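J.: sequence-free structure coming up:
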């Protein structure tokens, strides 16, 4: 089947910056059966889904992250780890309540320039149906083009690793700007509030994106992460965010 030309909105991180065309399947890797469907024509079915979750995200940018404002990343490239725990969720008739997942990402330049690499860790407690549902959501399937961070990011990857099914230790306190993430043999990280370098007092600042595709309001912090598989990189005292996420096939649920 000849790869189809797709038209999607491609942003840096927080909001859209334009529309580009690409050939779905051009240079893409494989991330399980659900991701194999993605590399051909992106599918938008009648299946409805929703996840209401809490997230802790850490990337290599400076505090605040220029990508949130459609600016270029601090160091010219992007490396990130994102952990989420679903409080309530479903994909069709499959419930997703209580499940966790982790995304590990790396791009050689800005996200919108593509050539990215991705891996996903799915909670080992998930049933076969739940694993398939999460992989469809995370690969941007059953989603309107440009509607969610999962769908948009999926268009920027050249290499996708096979999914990992493992125990995920995850804690996040959004108001306190604290988080902890551990997948043994894969990644280990923590997040905490930004502190005044003189007094040591905690500093609180938030980013409000009314028309974004990930969150509406996020608490800013700082984080550390060590990734050992399938990619290898370290994040140290860099950008972190803590947020409530409420997404469906059409974007943020308002």
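T.: Perfect, thanks for sending it. Nothing here was measured: the structure is a model prediction, and the numbers come from that model.
J.: got the buried residues for the helix with the most length in the chain?
T.: Longest helix in the chain by number of residues (criterion: DSSP state H): helix 128-138. By 16 or more other Cβ atoms under 10 Å, the buried positions in helix 128-138 come out as 130-138. C-beta: built from backbone N, CA, C; applies to glycine.
J.: residue 58: which of those is nearest?
T.: residue 138 (18.0 Å; Cβ to Cβ).
J.: ok, and the closest non-adjacent residue to residue 113?
T.: Nearest residue to residue 113, sequence neighbours excluded (Cβ to Cβ, 6 or more residues apart in numbering): residue 107, at 7.1 Å.
J.: report the beta-bridge partners for the one you found.
T.: With DSSP bridges as the criterion, residue 107 is bridged to residue 78.
J.: again with the one 10 residues further on
T.: Residue 117 forms beta bridges with residue 106, residue 159, as assigned by DSSP bridges.
J.: in this structure it contacts residue 105, no?
T.: Yes. Contact criterion Cβ atoms under 8 Å: residue 117 and residue 105 qualify, at 7.1 Å.
J.: quick one: residue 253 and residue 246 touch, right?
T.: Yes. In this structure, residue 253 is within contact of residue 246 by Cβ under 8 Å, at 4.4 Å.
J.: packing partners of the longest helix of the chain?
T.: On a contact count with 3 or more Cβ pairs under 8 Å, 6 or more residues apart in numbering; DSSP states H and E, helix 128-138 meets helix 32-38, strand 49-59, strand 78-91, strand 94-95, strand 100-107, strand 116-123, helix 149-154.
J.: for residue 97, what are phi and psi?
T.: Dihedral pair for residue 97: phi -50, psi 130, per degrees, to the nearest 10.
J.: and it, what pLDDT?
T.: Residue 97 carries a pLDDT value of 98.
J.: and for residue 254?
T.: With respect to pLDDT, residue 254 has a value of 87.
J.: what does residue 51 give?
T.: Residue 51 is assigned 98 on the pLDDT scale.
J.: list the contacts for it?
T.: 84, 86, 88-89, 96, 137, 245-248 (Cβ atoms under 8 Å, 6 or more residues apart in numbering).
J.: distance check, it against residue 249.
T.: Using Cβ to Cβ, to the nearest Å, residue 51 is found at 11 Å from residue 249.
J.: that older thread, so which of the helices and strands packed on helix 128-138 gets nearest residue 210?
T.: Proximity to residue 210, assessed across the helices and strands packed on helix 128-138 by Cβ to Cβ, is greatest for helix 149-154 (15.4 Å).
J.: list the helices and strands the closest one packs on?
T.: Against helix 149-154 (3+ Cβ pairs under 8 Å, 6+ apart) you get strand 5-9, helix 128-138.
J.: go through those and find the least confident stretch.
T.: The bottom spot among those, by mean pLDDT, belongs to strand 5-9, with a mean of 36.
J.: next SSE after the longest strand belonging to the chain?
T.: The residue-count maximum for a strand in the chain (DSSP state E) belongs to strand 233-248. Later in the chain than strand 233-248, the nearest helix or strand by DSSP states H and E is strand 251-252.
J.: partner strands of that next one and their direction?
T.: Neighbouring strands of strand 251-252 in its sheet, by DSSP bridges, are strand 233-248 (antiparallel).
J.: return the set of buried residues in the strand it pairs with.
T.: For strand 233-248, burial by neighbour count (16+ other Cβ under 10 Å) applies to 233, 235, 238-248.
J.: one more: stretch 71-81?
T.: 72-74, 77-81.
J.: endpoints of it, how far apart?
T.: One end of stretch 71-81 sits 20 Å from the other (Cα to Cα, to the nearest Å).
J.: stretch 201-209 too?
T.: 26 Å.
J.: in that stretch, which residues are buried?
T.: By neighbour count on 16+ other Cβ under 10 Å, the buried set for stretch 201-209 is 207, 209.
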